[in-house]
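**Q** sharing a sequence plus its predicted fold:
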Amino acid sequence: MTMAPDDARHSTRLYRTMRDFVQSMDDTLPGKFEITKEGIVHDMMAPIGPHELTALRVRKRLEKAMPEELVAHTGTPDVEDEPGHILRHPDIMVIAEADMEVRGSFAPRTLIAAIEVVSLSNPDNDWVGKMRDYPLLGIPVYVIFDPRTGSGAVLSDIHPTPDGPRYATRKDFQYGEDVTIADWTIPTDKLPRYA
């Protein structure tokens, strides 16, 4: 699709309006807001115990395996590609500590990996939306942990397609198997499931 200059300016204004809205909703409404190519996504439920415990255990296991200058970060800020009009917040971001020394959002291409724990309230956000958006952002590895099924997937090798960049390689895993995230292998035993 080709955008005329007025369309591009309108699109940029619309994105900034959405971003202002998302930032104004932080700590006001429960859940998490993100901006995708389709618009604003609202994961209405606050993360529950199994979601948070999965993120904690994966983060700790990764940080044991990685060199000290890298972190498995679970906080803010978001990852933003303003020209691409995408604002996402991965559950875990594998990033060099030095690349965190920025004002505002993290540059998406500084991430080594993005890791998501599938939400009960909006699983398509992780399995569809983020699977589309993360290669657009240039994030080389995307990992999904799904407590609903006790399984997950590691996506990598971004390649061009007619619909834009996509991950070419997908390696599925079951909880209990070791999983390799970028250069580090961690166990997936004792990860909680949704009841």
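**A** Looks like it came in fine. Numbering: from 1, shown residues only.
**Q** now do the contacts for the closest residue to Arg59 other than its chain neighbours.
**A** Excluding the flanking residues, the one nearest Arg59 by C-beta to C-beta, 6 or more residues apart in numbering is Ala72, at 4.2 Å. Backbone N, C-alpha and C define where each C-beta goes, glycine included. Counting by C-beta atoms under 8 Å, 6 or more residues apart in numbering, Ala72 touches Val58, Arg59, Lys60, Leu62, Glu63, Met66, Ile92, Met93, Val94, Ile115.
**Q** ok, now with 6 Å
**A** Counting by C-beta atoms under 6 Å, 6 or more residues apart in numbering, Ala72 touches Arg59, Leu62, Glu63, Ile92, Val94.
**Q** isn't the fourth one up against Ile115?
**A** Yes: using C-beta atoms under 6 Å, Ile92 makes contact with Ile115 at a distance of 3.9 Å.
**Q** tabulate the contacts of Ala72 (TSV), appending secondary structure.
**A** Listed next are the contacts of Ala72 as TSV, based on DSSP: H, G, I helix; E, B strand; the rest coil:
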residue	secondary structure
Arg59	helix
Leu62	helix
Glu63	helix
Ile92	strand
Val94	strand
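**Q** against Glu38, how distant is Leu93?
**A** Wrong residue type there; residue 93 is Met, not Leu. 22 Å (C-beta to C-beta, to the nearest Å).
**Q** so between these two, which is more surrounded?
**A** Ranked by neighbour count (other C-beta atoms under 10 Å), Met93 and Glu38 place Met93 first, with 27 against 9.
**Q** bridging residues for the more buried one?
**A** His73, Ala114 (DSSP bridges).
**Q** do the same with Val41
**A** On the basis of DSSP bridges, Val41 is bridged to Glu34.
**Q** secondary structure class for Ser121?
**A** Look at Ser121: counting by three-state DSSP, its state is coil.
**Q** okay, now the unreliable bits of this structure?
**A** For the chain, the stretches with pLDDT under 70 are 1-10, 25-31, 42-47.
**Q** mind listing the strands for it?
**A** Taking DSSP state E as the criterion, the chain carries its strands at 32-36, 39-43, 70-73, 79-81, 86-88, 92-96, 111-117, 142-146, 151-159, 166-174, 178-181, 184-187.
**Q** can you put those strands in TSV and add distance to Asn125?
**A** Formatted as TSV, the strands of the chain follow (distance: least, C-beta to C-beta, whole Å):
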stretch	distance to Asn125
strand 32-36	8
strand 39-43	6
strand 70-73	20
strand 79-81	15
strand 86-88	10
strand 92-96	15
strand 111-117	8
strand 142-146	11
strand 151-159	15
strand 166-174	16
strand 178-181	20
strand 184-187	24
